[in-house]
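A.B. asks: predicted model, plus sequence, below.
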Amino acid sequence: MTSIQLLNYNPHYEQELSQLYYDAITKLAPAYYHPQQVKIWADYPRKYPNEFAKLLTQGTVIMAINSKGKVMGFGQLHPKNYIALLYTQPEFNRLGIASAIYSKLEQLAYKNHQTILSVTASKLSLLLFQKLGFETIDTEIAIRDDVTFERYNMVKLL
């Protein structure tokens with residue numbers, strides 16, 4: 001795995017995380033979703049920049065930063081037992097970055113006396129969360145801008 005430093009979120013990185021979110025979805029999700037779904041999902045930080053900025057200040061956001069200072073990925077624990085976000089730059093996909101971020105978030109949840117973690121996984125992240133020990137409890141259909149998305153509610157006992 002590439003050398004990384006795991007740091008707490010700093011608002012200085014807001015635009016970089018917004019771009020990372022967009023890039024991850026537009027480059028990785030087309031294998032799982034049709035173009036309209038990808039566009040609606042990826043455009044969230046651009047369409048609602050204030051909402052995205054506020055989201056990043058909630059709970060705990062951990063960023064993986066390489067030796068050159070580039071953000072490779074980020075994840076969010078909010079509330080204390082829910083993985084709300086987990087994204088990596090496409091060029092760092094499948095290099096253990098998301099797993100490292102997740103591991104840090106799991107440690108934080110455990111330190112906060114949580115006994116279970118949950119996530120609503122996309123088709124894109126489903127296999128990762130299965131490898132991390134999560135089990136699917138049900139499938140849901142979410143609707144954004146009149147477009148449906150299949151998602152997976154998953155849990156893991158700590």
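C.D. replies: Cool, got the structure.
A.B. asks: and Leu86, what pLDDT?
C.D. replies: Leu86 carries a pLDDT value of 98.
A.B. asks: was I right to think it contacts Ser125?
C.D. replies: Yes: Leu86 is in contact with Ser125 according to Cβ atoms under 8 Å; the separation is 6.5 Å. Using the backbone N, CA and C atoms, a C-beta is placed for each residue, glycine as well.
A.B. asks: any common contacting residues for these two?
C.D. replies: Counting by Cβ atoms under 8 Å, 6 or more residues apart in numbering, the residues touching both Leu86 and Ser125 are Ala98, Val119.
A.B. asks: report how many residues lie close to Arg94.
C.D. replies: As a burial measure, Arg94 scores 11 neighbours (other Cβ atoms under 10 Å).
A.B. asks: all strands for the chain, in order.
C.D. replies: 4-8, 60-66, 71-77, 82-88, 116-121, 135-144, 147-157 (DSSP state E).
A.B. asks: quick one: closest of those to Pro35.
C.D. replies: Ranking these by proximity to Pro35 (Cβ to Cβ) places strand 147-157 first, at 10.5 Å.
A.B. asks: is the residue nearest to Ser122 when sequence neighbours are not counted bridged to anything, and to what?
C.D. replies: What sits nearest to Ser122 in space, not counting adjacent residues and going by Cβ to Cβ, 6 or more residues apart in numbering, is Arg151, at 6.1 Å. Here Arg151 sits in beta bridges with Glu140, as judged by DSSP bridges.
A.B. asks: residues contacting Arg151?
C.D. replies: So Arg151 contacts Thr120, Ala121, Ser122, Thr139, Glu140, Ile141, Ala142 (Cβ under 8 Å, 6+ apart).
A.B. asks: could I get the residues you listed as TSV with distance to Tyr32, neighbour count and pLDDT?
C.D. replies: Shown next, in TSV, are these (distance: Cβ to Cβ, whole Å; neighbours: other Cβ atoms under 10 Å; pLDDT from 0 to 100):
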residue	distance to Tyr32	neighbour count	pLDDT
Thr120	15	16	98
Ala121	11	20	98
Ser122	7	22	98
Thr139	14	9	98
Glu140	16	10	97
Ile141	15	8	97
Ala142	14	12	95
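A.B. asks: among those, which pair sits farthest apart?
C.D. replies: Farthest pair in the contacts of Arg151 (Cβ to Cβ) is Ala121 and Ile141. Separation: 13.9 Å.
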